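J.: structure, please.
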Amino acid sequence: MNFATRWLALACCVFSVGLMAPETDEATKKEYARFEGTWSFDFVEVEGKKQPDQPFETNKTIICKGGRYVVVQGDKITRGVFKLDLTKTPKQYNFTITDGPAKGKTGPCIYELEGDTWKFCSSFRTSECPTEFATKPGSGTVFEILKHQKQSFAEALTNLERREMAGTWQAVSSSVDGRDAVGDDLKKIGLSINDEGNATFTRDGKSLLAATKIDPSQDPSWIDFTYTDGADKGRNSLGIYKMENGSLTICYAKSGYPRPSDFAPESRASLTLATYSRPKAMP
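T.: Have a look, this model is predicted:
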């Protein structure tokens with residue numbers, strides 16, 4: 001992979017999901033709303049050289065809502081946030097990659113958003129923001145044009161996260177009502193998710209909970225469960241989840257309790273908080 005292609009994979013990450021900073025300006029709120037949805041790449045130019053027609057050797061899709069974004073490049077998923085600055089001409093935003101290969105990367109871009117067309121230009125050699133939507137040999141800039149697709153943010157993100165979550169998971173930490181599982185007890189806790197997003201939580205091989213609904217358009221993402229065994233069998237439980245650095249963290253409340261709002265509650269009473277990782281393949 002050459003330098004230009006490596007940059008494309010990074011530059012496109014400027015739109016990959018995190019939290020939008022609070023905004024009080026109504027015009028800025030409306031501008032964030034214009035980004036919502038799914039976008040595909042239509043044109044890419046690096047240092048004066050147009051890249052090959054699609055499929056580009058770079059990120060294929062951007063899923064965006066407000067200041068949250070996800071970039072999909074095959075099996076590579078990158079998440080981040082961006083903050084708009086409408087006081088500049090051209091308009092600008094600053095991005096921060098919150099999860100993925102380039103986690104922690106930040107930088108400025110200029111952009112133009114008209115109807116179903118999104119243009120942006122960024123520098124990959126300096127922290128300075130470009131001043132025009134053009135690139136030249138040796139300029140260290142990339143110019144890209146994206147087109148808005150019909151698929152909604154919620155639909156695209158749900159399909160993506162179902163695909164990401166599918167498979168077998170093993171608990172690496174688990175706390176119930178503030179009591180932490182350790183040693184052999186922790187090894188007994190597992191999670192299995194199929195391609196349709198249906199999840200089964202097990203303890204020592206026995207099913208305890210089933211999840212059939214996720215809503216990643218919420219912040220944090222929602223997940224709903226039904227107890228499949230015990231005194232609460234048939235009753236529902238409300239939870240939240242996040243995927244980060246290859247791990248899946250889920251926090252859910254006992255049946256009848258409200259959905260938790262974050263992953264660091266002041267009190268862990270009536271909550272189950274667990275982080276899972278995929279079991280390592282045997283050598």
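
J.: after the strand or helix carrying Thr28, next one along is what?
T.: Here Thr28, judged by DSSP states H and E, is contained in helix 26-34. Sequence-wise, the next helix or strand downstream of helix 26-34 (DSSP H and E) is strand 37-46.

J.: which helices and strands does that next one pack with?
T.: Contacts defined by 3 or more CB pairs under 8 Å, 6 or more residues apart in numbering; DSSP states H and E place strand 37-46 against helix 3-11, strand 61-65, strand 141-148, helix 153-165. In this view, the C-beta of every residue, glycine as well, is placed from N, C-alpha and C.

J.: between it and strand 61-65, how many degrees?
T.: Between strand 37-46 and strand 61-65, the angle comes out at 130 degrees (axes from the mean of the first three to the mean of the last three CA atoms, to 10 degrees).

J.: and strand 37-46, what's buried?
T.: Within strand 37-46, the residues scored as buried using 16 or more other CB atoms under 10 Å are Gly37, Thr38, Trp39, Phe41, Asp42, Phe43, Val44, Glu45, Val46.

J.: kindly report the same for stretch 235-245.
T.: Ser237, Leu238, Gly239, Ile240, Tyr241, Lys242, Met243.

J.: repeat for stretch 106-117
T.: So, applying 16+ other CB under 10 Å, buried residues of stretch 106-117: Gly107, Pro108, Cys109, Ile110, Tyr111.

J.: before we move on, what about stretch 168-180?
T.: Trp169, Ala171, Ser173, Ser174, Val176.

J.: list the beta-bridge partners for the first one.
T.: This means Trp169. Note on Trp169: beta-bridge partners Leu191, judged by DSSP bridges.

J.: ok, which stretches of the stretch 51-200 of the chain are strands?
T.: For the stretch 51-200 of the chain, the strands defined by DSSP state E, counting those that start in this stretch cover 61-65, 68-73, 76-85, 92-99, 106-114, 117-123, 141-148, 167-176, 179-180, 189-193, 199-203.

J.: need these in JSON lines with mean pLDDT and distance to Tyr276, can you?
T.: Formatted as JSON lines, these follow (pLDDT from 0 to 100; distance: least, CB to CB, whole Å):
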{"stretch": "strand 61-65", "mean pLDDT": "89", "distance to Tyr276": "23"}
{"stretch": "strand 68-73", "mean pLDDT": "86", "distance to Tyr276": "20"}
{"stretch": "strand 76-85", "mean pLDDT": "90", "distance to Tyr276": "17"}
{"stretch": "strand 92-99", "mean pLDDT": "91", "distance to Tyr276": "16"}
{"stretch": "strand 106-114", "mean pLDDT": "93", "distance to Tyr276": "29"}
{"stretch": "strand 117-123", "mean pLDDT": "94", "distance to Tyr276": "35"}
{"stretch": "strand 141-148", "mean pLDDT": "93", "distance to Tyr276": "34"}
{"stretch": "strand 167-176", "mean pLDDT": "94", "distance to Tyr276": "4"}
{"stretch": "strand 179-180", "mean pLDDT": "92", "distance to Tyr276": "15"}
{"stretch": "strand 189-193", "mean pLDDT": "93", "distance to Tyr276": "5"}
{"stretch": "strand 199-203", "mean pLDDT": "90", "distance to Tyr276": "10"}
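
J.: sounds good, over and out.
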